[in-house]
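> for reference, the sequence and a predicted model appear below.
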Amino acid sequence: MFRVFRKEVEKCLEDFSDERFIRESEHADLTCTVAFKLAKEKRKKPADIAEEIVESISTELPDYVGSVEVVNGYINFYASMEFLEDAVNVILDEDEDYGSMTEQGNVLIEHTSANPDGPLHIGHLRNSIIGDTLSRIFKKAGFNVRTQYYTNDMGRQIALAVLGIRRFGLSDKKPDHAVAEAYIAINRLIEEDEKVAEQINQEADQIMLKYELGDEDVSLEFKNMVEKALEGIRQTLESLNIKHDEVIWESEFIRNGYVDMILKRIDEMGLLIKDGAWYIDLVSKGYEKNVVVRRENGTSLYITRDLAYHAWKNENFDRFINILGADHKLIGKQLSDILALLNLKPPEIVFFEFVSLPEGSMSTRKGKFISADELIEKVYQEAYEIIKEKDMPEEEKKRVARSVAVGALRFDFVRLAPEKSMTFDWKKALDFERQTASYIQYSHARACSILRKAVEKGMPDLEISGELCTQSEKDLILHLSKFTTVLERVIKELRPNVFADYVLDAAIKFNEFYRLHPVLKEESELRMHRLAIVDASRIVLRNGLRVLGIEPLEKM
RNA sequence: GGGCCCGUAGCCUAGCAUGGAUAAGGCGACGGCCUCCUAAGCCGUAGAUCGCGGGUUCAAAUCCCGCCGGGUCCGCCA
């Protein structure tokens, strides 16, 4: 709805300004700074120019623009009572669908894609949560979204994990953790003894070659190991409300001919140098180094399969988005540049900076990481401690603690701008006294509680009235009306943290309203008016939480 | 060495795309609020050379240049 208001303001100003100078402001519902720009060429004071503009437009303001005024050269626009009423009524009418848009197109979001050599750790979590939140946002916007986990089933790490299991077997831990044990153990051998290391690396080369050539026994071994790890990873993701539509195995692109196809295409473009190994000639394009796409022994590399994968994405999707750690920036750029040389569309890539521990960066290989499972469990325990005291059946306490924990984790990870690195802090992760997911869930529960009591008391009627709106109510309603405006921005900029902030702000503004305005003790019209605002807030908080993959609790 | 990212109160962060009105929150500190719709809440106080230096501009946290500090990448690994 806010978009309609904005369009009207733009229309008002079309003779004087373009949309660049119109922006949101803490001082007005929308403000225009064009008078400052015009001041120089017209050789007049900004305030005078602003006055002239306002004079010429204020005779017939559109329906949703209530008033215009000039303050220090700014032209300030305020929404009308009619706008406030329509905004609330649209939210109440659309209910579950409020915030949905009508964008079209097939979108692929590839996220997580962690190597299946152990459990997800808290770094992978950042990837999963950004990816899952983006996919929910794109769905809400109307896109046809598919999510994929692209799994490396044929790299060196995977071969080492297979060899680890050969040597040490698998314990009966959760399968991804069991795989990690074997993987860490074999890496320790490699670290300890150079001779052993050389032998193991040769073995790894051999089984990688066999796997690529389709040797049956080795394939079975690889497949079993990867599936074990993926099964554990799937469980972890599920507990965070994250589910991929499908898992794509890198090896598929060897078997289905896409790798050969892409190599042929590179060759036809005259970009391939065959000198033992095969290279893509990038040096002649001004790059520092060429990229190897086929080893001397004939096997493919990660980049080769990834090129093939992206050729497939080109055939099937309008937009394809990858979520990658910042350590993939170089290879991401190489991938994109090579695709461009082949006249294929490169992916849109969301890079996020590292999650590290206070004592340094994480490493699955060295066993230096905090697993997602451990984090989830500890946060759950902490949430349970708080809810233990409440008056609620035991089963419900557990359920609430679970969703508060999941919410807290998801929110903390998604809220941070992707380009910021993150140092993990147990104290912070376990603190629910902050403005975070539980704060939003709590605000939602408060709204639900008021509405529940209204029904119990036999006064469920809602009726918004623009005239009765206080400043705090106007602020709240205006914010509620911005749902799709924010969604639009996230779709363009691929920054889901912006949406997390939007939902948090909705909770903050609702709490301010809650403090200032009693609802149930008011009489008739005022009560119905405020109940309408409570219900609209409830809907926005609920829909917002769902888009963030967080359960909107009705009691907590 | 080169590329990319980050640097905003004691701590964590938003704002930077598209320059504009007293730089906005949280944690922590201090002082308050439950006969009142959920205190996982709220109110108030203290706390900022927006890393440093230059430049562009009527106007810079925001744009440009240089520097400093931290992270990360530069494999016939992924």
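That came in fine, so what should we check first? Numbers count the residues shown, from 1 in each chain, chains lettered A, B, ... in the order given.
> all helices for the stretch 51-200 of chain A, in order.
With DSSP state H, counting those that start in this stretch as the criterion, the stretch 51-200 of chain A has helices at A:81-94, A:122-140, A:156-168, A:175-192, A:194-213.
> revised request: answer the last question for the stretch 251-400 of chain A.
A:252-255, A:258-268, A:302-316, A:329-341, A:372-387, A:394-415.
> A:G232 reaches A:L170, doesn't it?
No. Taking contacts as CB atoms under 8 Å, A:G232 lies outside contact range of A:L170: 11.4 Å. All C-beta spots, glycine's among them, are computed from the backbone N, C-alpha and C.
> quick check: neighbours shared by those two?
Residues touching both A:G232 and A:L170 (CB atoms under 8 Å, 6 or more residues apart in numbering): A:178-179.
> so between the two, which is more surrounded?
The neighbour comparison of A:G232 against A:L170 (other CB atoms under 10 Å) goes to A:G232, with 24 against 15.
> which SS class is that one?
Following DSSP: H, G, I helix; E, B strand; the rest coil, we place A:G232 in the helix state.
> residues in contact with it?
Contacts of A:G232 (CB under 8 Å, 6+ apart): A:119, A:174-179.
> kindly recompute the last result at 7 Å.
Applying CB atoms under 7 Å, 6 or more residues apart in numbering to A:G232 gives the contacts A:119, A:174-177.
> and if you look at A:Q235?
Contact analysis of A:Q235 by CB under 7 Å, 6+ apart lists nothing.
> please look at A:I91 and A:R538 and confirm they touch.
No. With contacts counted by CB atoms under 7 Å, A:I91 stays clear of A:R538, the gap being 9.5 Å.
> looking at the two, which is more packed in?
Neighbour comparison, A:I91 and A:R538: the larger count goes to A:I91, with 26 against 23 (by other CB under 10 Å).
> could you find the closest non-adjacent residue to that one?
Leaving aside its chain neighbours, A:I91 sits nearest to A:A536 (4.2 Å; criterion: CB to CB, 6 or more residues apart in numbering).
> host element of that neighbour?
A:A536 is part of helix A:524-547 when elements are defined by DSSP states H and E.
> what helices and strands are in contact with that helix?
helix A:81-94, helix A:122-140, helix A:437-456, helix A:471-480, helix A:497-516 (3 or more CB pairs under 7 Å, 6 or more residues apart in numbering; DSSP states H and E).
> mind saving the C-alpha coords of the next helix or strand after the fourth one as CSV?
Read that as helix A:471-480. Under the assignment DSSP H and E, the closest C-terminal helix or strand after helix A:471-480 is helix A:483-493. The C-alpha trace of helix A:483-493 is given here as CSV (Å, rounded to 0.1, in the frame of the first residue of the first chain):
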residue,chain,number,x,y,z
PHE,A,483,5.8,-4.9,3.6
THR,A,484,6.0,-5.2,-0.2
THR,A,485,8.2,-2.1,-0.5
VAL,A,486,10.8,-3.9,1.6
LEU,A,487,10.3,-7.2,-0.2
GLU,A,488,10.9,-5.4,-3.5
ARG,A,489,14.1,-4.0,-2.3
VAL,A,490,15.3,-7.4,-1.0
ILE,A,491,14.6,-9.0,-4.3
LYS,A,492,16.6,-6.4,-6.1
GLU,A,493,19.5,-6.2,-3.6
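> what parts of the stretch 1-150 of chain A come near RNA strand B?
Selection of the stretch 1-150 of chain A residues close to RNA strand B by CB under 7 Å from any atom of the strand yields A:20, A:23, A:25-28, A:31, A:33, A:36-37, A:39-40, A:71-72, A:74, A:76, A:115.
> buried subset of those?
With neighbours counted by 16 or more other CB atoms under 10 Å, these contain buried members at A:28, A:31, A:33, A:36, A:39, A:74, A:76, A:115.
> can you lay out those residues as JSON lines showing pLDDT?
Putting those into JSON lines (pLDDT from 0 to 100) gives the following:
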{"residue": "A:A28", "pLDDT": "93"}
{"residue": "A:T31", "pLDDT": "95"}
{"residue": "A:T33", "pLDDT": "93"}
{"residue": "A:F36", "pLDDT": "92"}
{"residue": "A:A39", "pLDDT": "87"}
{"residue": "A:Y74", "pLDDT": "94"}
{"residue": "A:N76", "pLDDT": "95"}
{"residue": "A:N115", "pLDDT": "94"}
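> quickly note the distance from A:F424 to RNA strand B.
11 Å (CB to the nearest atom of the strand, to the nearest Å).
> got phi/psi on that residue?
phi -70, psi 140 (degrees, to the nearest 10).
> shouldn't it be in contact with A:G360?
No. Between A:F424 and A:G360 there is no contact under CB under 7 Å: 11.1 Å.
> the more surrounded of those two?
Between A:F424 and A:G360, A:F424 has the larger neighbour count (other CB under 10 Å), namely 18 against 9.
> can you list the residues of the stretch 351-500 of chain A near RNA strand B?
Contact residues (CB under 7 Å from any atom of the strand) of the stretch 351-500 of chain A with RNA strand B: A:353-354, A:356, A:361, A:383, A:386-387, A:390, A:400-401, A:404, A:415-417, A:419-422, A:428, A:431-435, A:438-439, A:442, A:445-446, A:448-450, A:453, A:489, A:492-493, A:495, A:497-498.
> mind giving me the ChimeraX select for these, buried ones only?
The following ChimeraX line selects those of those that are buried, judged by 16+ other CB under 10 Å:
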select /A:353,383,386,387,400,401,404,415,416,422,432,438,439,442,445,446,448,450,495,497,498
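> name the nearest residue to the one residue sitting closest to the centre of chain A, ignoring sequence neighbours.
Residue closest to the mean C-alpha point of chain A, counted by CA atoms, centre = their mean, is A:I130 at 2.9 Å. Nearest non-adjacent residue to A:I130, counting by CB to CB, 6+ apart: A:I323, 5.3 Å away.
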